[in-house]
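Visitor: what follows is a predicted structure for the sequence shown.
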Amino acid sequence: MLRIAIPNKGSLSETATLMLAEAGYATRRDPKELHLVDAENDVEFFFLRPRDIATYVGSGALDVGVTGRDLLLDSGSDAIEIEPLNFGDSTFRFAGPAGKFHELSDLEGVRVATSYPGLVGDFLAAHGVSAHLVKLDGAVESAVQLGVADAVADVVSTGATLRKAGLDIFGPVILESTAVLIRSEQEQPGLATLRRRLEGVQVARQYVLMDYDLPLSLLDEATAIAGGRQSPTVSPLREPEWVAVRVMVPKRRTNQIMDALYELGARAILVSAIHAARL
Ligand SMILES: Nc1ncnc2c1ncn2[C@@H]1O[C@H](COP(=O)(O)OP(=O)(O)OP(=O)(O)O)[C@@H](O)[C@H]1O
Ligand SMILES: O=P(O)(O)OC[C@H]1O[C@H](OP(=O)(O)OP(=O)(O)O)[C@H](O)[C@@H]1O
Ligand SMILES: [Mg+2]
């Protein structure tokens, strides 16, 4: 039975749980539940703090897990990143009072507050900068105002938290992070099925099916606008010289592609959702 670690709380928890449900796995009914056996799918879920997941997987206690790339690197664990999961994107940045810091070397000898001392320490060391790290559990943006640090290094999503704290981003990007699937050193046989299912969920989330009718003579131009994942499906219509075309298109580009196809001469353009996929 494949043993899978899932975030029980925090930013990654809801989407990770939803993706597994969409992939056909059992879901917990009670948010306090820490362990769930899904015998039908031959997997077992452990709901853990996202920060601890790399430690469990890296030690081999669990086979695979969902966590953030930043948390994985911060942990220093031996867990291996398999693939990004296309959610939970963030950047990891330095920030300080407006105008006070401009580049990385300005951090030499100053106090930097962070909840990710492993990640930040490695980054500073790799760039030959020696700063004093102040380890905090969260809300690190307050550390400057409260005088326990001169600068911070933290997760930035919209940047709203930094702005409210009167801090400006400076220096290089420490890390582009995203939710990732990780595994232990020993690859387990059930992993391939889990990966295919999660890939199917991502395809269903990111793509739609587009059907349209078109004069055959315009097919090359239409294919240049929307080429599909592999190649468009083209079927004959009763009307001579016209064909019906079906392609997968990225959901976020749906309307641009519809506009371009319509202008080209396509008609009866219909878009439908994909519920599941194996490509
Ligand atoms: N807006 C965001 N705020 C915090 N973490 C985010 C955000 N967007 C993505 N993440 C990612 O979520 C992971 C952090 O999750 P975690 O559950 O530890 O923190 P959290 O969402 O801040 O929860 P809490 O601080 O309440 O425990 C990291 O991988 C981080 O990059
Ligand atoms: O750029 P933003 O969109 O503002 O998001 C980033 C903020 O969100 C997270 O904080 P969280 O609410 O998790 O609190 P915490 O710092 O106590 O973990 C993170 O630590 C940043 O502070
Ligand atoms: Mg947080």
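Guide: Everything's here; your move. Ligands and ions are numbered 1, 2, ... in the order given.
Visitor: buried set for the top helix by length along the chain?
Guide: In the chain, ranked by residue count with DSSP state H as the criterion, the top helix is helix 191-206. Buried residues in helix 191-206, counted by 16 or more other C-beta atoms under 10 Å: L191, L194, R197, L198, E199, G200, V201, Q202, V203, A204, R205. Placement of C-beta: from N, CA and C, glycine included.
Visitor: tabulate these (JSON lines), appending distance to ligand 2 and pLDDT.
Guide: Formatted as JSON lines, the buried residues of helix 191-206 follow (distance: C-beta to the nearest ligand atom, whole Å; pLDDT from 0 to 100):
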{"residue": "L191", "distance to ligand 2": "30", "pLDDT": "97"}
{"residue": "L194", "distance to ligand 2": "27", "pLDDT": "97"}
{"residue": "R197", "distance to ligand 2": "29", "pLDDT": "97"}
{"residue": "L198", "distance to ligand 2": "24", "pLDDT": "97"}
{"residue": "E199", "distance to ligand 2": "28", "pLDDT": "95"}
{"residue": "G200", "distance to ligand 2": "30", "pLDDT": "95"}
{"residue": "V201", "distance to ligand 2": "25", "pLDDT": "95"}
{"residue": "Q202", "distance to ligand 2": "23", "pLDDT": "94"}
{"residue": "V203", "distance to ligand 2": "28", "pLDDT": "93"}
{"residue": "A204", "distance to ligand 2": "27", "pLDDT": "94"}
{"residue": "R205", "distance to ligand 2": "22", "pLDDT": "93"}
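Visitor: what comes into contact with the longest helix of the chain?
Guide: The contact list for helix 191-206 (C-beta atoms under 8 Å, 6 or more residues apart in numbering) reads 2, 4, 19, 22-25, 43, 63-64, 82-83, 85-86, 181, 183, 248, 250-252, 273-279.
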